[in-house]
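# model this:
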Amino acid sequence: MESKSNHSSPVLTDPIPINKSRLGIHSNLLSYPQSGGSLTSGKYMTIPRKKPGKLDDVRSNGWLDAMKSSSPPRKKLIKDFNIEVAADDTDIYYSWMIKYPSALKSFKQISKNAKNKKIAVFLDYDGTLSPIVDDPDRAFMSDAMRSAVRNVAKYFPTAIISGRSRDKVYELVGLTELYYAGCHGMDIMGPVSPTESDDHPNCIRSTDQQGKEVNIFQPAREFITMIDEVFKTLVENTKDIKGAKVENHKFCATVHYRNVEEKNWPTIAQCVHDILKDYPRLRLTHGRKVLDIRPVIDWNKGEAVEFLLESLGLSDRDDVLPIYIGDDKTDEDAFKVLREGNRGYGILVSSVPKDSKALYSLRDPSEVKKFLKALVRWKKFEA
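Okay, the predicted model is just below:
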């Protein structure tokens with residue numbers, strides 16, 4: 001159980017690096033330092049409900065600015081790109097696309113570069129395969145999108161990498177042909193590689209819904225009890241904030257404020273801040289109108305992409321082209337991995353201009369579906 005601490009800014013700690021072998025999962029993966037207290041099993045600690053502290057805390061550490069940036073004014077965004085734009089939003093968006101061209105309109109160039117290469121497809125879920133909705137439990141993908149993803153998986157190794165729990169995203173997608181990574185890559189169901197260690201404490205050999213042998217990799221497993229404890233405290237301490245919703249994704253806890261009035265955002269941010277002061281081994285990251293409380297370890301969606309490529313035997317090869325499609329700030333780690341060394345293509349899904357490490361863009365899930373269908377048609381024609 002996490003010991004108490006007086007840290008005023010618990011989320012500024014650098015992530016603890018994972019000592020990785022080439023595959024990133026071998027037995028030299030070290031235990032996490034216990035400076036923030038050790039984890040124990042048994043009863044949960046009862047934490048009294050706190051009154052919010054000074055709102056200056058969340059203003060001075062930039063939390064409020066980060067929360068507002070998840071839906072910034074478009075005019076303010078455009079200034080960051082140094083683009084001359086016309087008056088209406090359509091012209092603004094198309095001007096932004098000079099830097100981030102449409103993956104659909106650029107498909108001929110993408111397919112040309114993909115010729116004679118093995119493509120691997122990585123997909124975010126919310127905002128990419130499904131629309132963003134007020135209730136995250138109702139973020140359903142359409143039957144047409146599910147069909148498009150299923151067809152892609154027939155021709156290319158395909159994985160879903162989501163901030164949701166792995167079980168939840170599988171429940172929403174419902175396709176056994178895919179690999180799944182939940183909790184921003186901290187819970188991966190991936191292929192078995194012959195070079196992997198069978199006795200690693202964070203890697204479990206299992207079988208999927210079709211009886212196929214898979215590996216379950218969970219680099220933050222020791223944090224499960226701590227996350228559950230924080231989740232329960234968050235539920236209690238935010239229950240009077242109208243519109244707030246808290247989810248337990250096993251390896252991270254998520255606070256949704258999409259349905260919270262903006263005037264109450266400082267209150268919800270301060271509530272999270274006050275709880276995290278007691279957990280120096282947890283940190284805050286920002287998504288699209290969500291606050292994610294995650295373990296302080298060096299692992300993200302970019303690491304998950306690298307892990308899956310290694311597991312598939314597709315890493316360090318010139319004949320491989322990974323494609324990652326996502327819409328959220330957490331997907332930037334994956335875009336960065338693919339951009340470095342021109343390894344593959346990151347495609348940002350966005351209907352408004354925003355800065356990104358992606359190379360291409362798509363406007364919304366309907367364009368994602370068109371792009372996936374185009375990939376399948378091209379592969380059939382190429383074959």
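# and the gap between residue 112 and residue 68?
According to C-beta to C-beta, to the nearest Å, residue 112 stands 41 Å off from residue 68. C-beta coordinates here come from the backbone N, C-alpha and C atoms, glycine included.
# for the lengthiest helix in the chain, which positions count as buried?
Assignment by DSSP state H gives helix 365-382 as the longest helix of the chain. Going by neighbour count (16 or more other C-beta atoms under 10 Å), the buried part of helix 365-382 is 365, 367, 368, 369, 371, 372, 374, 375, 376, 378, 379.
# just how off-centre is it within its chain?
Between the centre of helix 365-382 and the centre of its chain there are 23 Å (C-alpha atoms, centre = their mean, to the nearest Å).
# helices or strands next to that helix in the packing?
Using 3 or more C-beta pairs under 8 Å, 6 or more residues apart in numbering; DSSP states H and E as the contact test, the elements touching helix 365-382 are helix 107-114, strand 118-123, helix 143-155, strand 320-326, strand 345-349.
# and it, average pLDDT?
Average pLDDT, helix 365-382: 95.
# Go ahead and name everything in contact with that helix.
102-104, 107, 111, 114-115, 119, 121, 123, 127-131, 141-142, 144-145, 148-149, 151-152, 154-156, 323, 325, 347, 349, 362 (C-beta atoms under 8 Å, 6 or more residues apart in numbering).
# Buried subset of those as a ChimeraX selection?
Command for ChimeraX, covering only those of the contacts of helix 365-382 found buried under the criterion 16+ other C-beta under 10 Å:
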select :102,103,104,107,111,114,119,121,123,127,128,129,130,141,145,148,149,151,152,155,156,323,325,347,349,362
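# ok, back up a step: relative orientation of the longest helix of the chain and helix 107-114 in degrees?
Comparing the axes of helix 365-382 and helix 107-114 via axes from the mean of the first three to the mean of the last three C-alpha atoms, to 10 degrees yields an angle of 50 degrees.
# returning to what we had before: could the helices and strands packed on helix 365-382 go into JSON lines alongside distance to residue 212?
Below are those laid out as JSON lines (distance: least, C-beta to C-beta, whole Å):
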{"stretch": "helix 107-114", "distance to residue 212": "27"}
{"stretch": "strand 118-123", "distance to residue 212": "18"}
{"stretch": "helix 143-155", "distance to residue 212": "13"}
{"stretch": "strand 320-326", "distance to residue 212": "22"}
{"stretch": "strand 345-349", "distance to residue 212": "28"}
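# Please produce TSV containing the ones you listed, extended by distance to residue 167 and mean pLDDT.
Formatted as TSV, the helices and strands packed on helix 365-382 follow (distance: least, C-beta to C-beta, whole Å; pLDDT from 0 to 100):
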stretch	distance to residue 167	mean pLDDT
helix 107-114	33	96
strand 118-123	17	98
helix 143-155	18	97
strand 320-326	20	98
strand 345-349	24	98
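# what's near enough to touch residue 179?
Neighbouring residues of residue 179 by C-beta under 8 Å, 6+ apart: 157, 158, 159, 160, 188, 189, 190, 191, 214, 308.
# Looking at residue 112 and residue 68, which is more packed in?
Comparing residue 112 with residue 68 by other C-beta atoms under 10 Å, the one with more neighbours is residue 68, at 12 against 8.
# Counting only strands, which of the contacts of residue 179 make the cut?
Those of the contacts of residue 179 mapping onto strands are 158, 159, 160, 188, 189, 190, 191, 214, per DSSP state E.
# Nearest to residue 298, out of these: which one, please.
Each of those was checked against residue 298 using C-beta to C-beta; the closest is residue 188, at 15.3 Å.
# tally of neighbours for that closest one?
27.
# isn't it right up against residue 304?
Yes. If you go by C-beta atoms under 8 Å, residue 188 and residue 304 touch, sitting 6.0 Å apart.
# what is in contact with the two at once?
Shared contacts of residue 188 and residue 304 (C-beta under 8 Å, 6+ apart): residue 181.
# in what helix or strand does the closest residue to residue 299 other than its chain neighbours lie?
Leaving aside its sequence neighbours, residue 299 sits nearest to residue 219 (C-beta to C-beta, 6 or more residues apart in numbering; 5.2 Å). Under the criterion DSSP states H and E, no helix or strand holds residue 219.
# how much space between residue 219 and residue 204?
The gap separating residue 219 from residue 204 is 12 Å, by C-beta to C-beta.
# okay, those two: which has more neighbours?
Taking other C-beta under 10 Å, residue 219 and residue 204 do not tie; residue 219 has more neighbours (27 against 14).
# ok, and what's touching stretch 244-257?
67, 136, 163-166, 168, 182-184, 186-187, 218, 220-221, 223-224, 227-228, 230-231, 234-235, 238, 243, 259-260, 265, 268, 272, 287, 289-295.
# first vs last residue of it, how far apart are they?
End-to-end distance of stretch 244-257 (C-alpha to C-alpha, to the nearest Å): 5 Å.
# can you check stretch 101-112 too?
End-to-end distance of stretch 101-112 (C-alpha to C-alpha): 16 Å.
# residues in contact with it?
Stretch 101-112 is touched from outside by 345, 347, 360, 361, 362, 363, 367, 370, 371, 374, 378, with contacts defined as C-beta under 8 Å, 6+ apart.
# of all the residues you listed, which two lie farthest apart?
Farthest-apart pair in the contacts of stretch 101-112 is 363 and 378; separation 20.4 Å (C-beta to C-beta).
# thinking again about what came up before, least trustworthy position among the contacts of residue 179, going by pLDDT?
residue 214 (80).
# just checking, it touches residue 190?
Yes. Assessed by C-beta under 8 Å, residue 214 is found in contact with residue 190 at 6.5 Å.
# So which of these two has more stuff around it?
A count of neighbours by other C-beta under 10 Å puts residue 190 above the other of residue 214 and residue 190, at 24 against 20.
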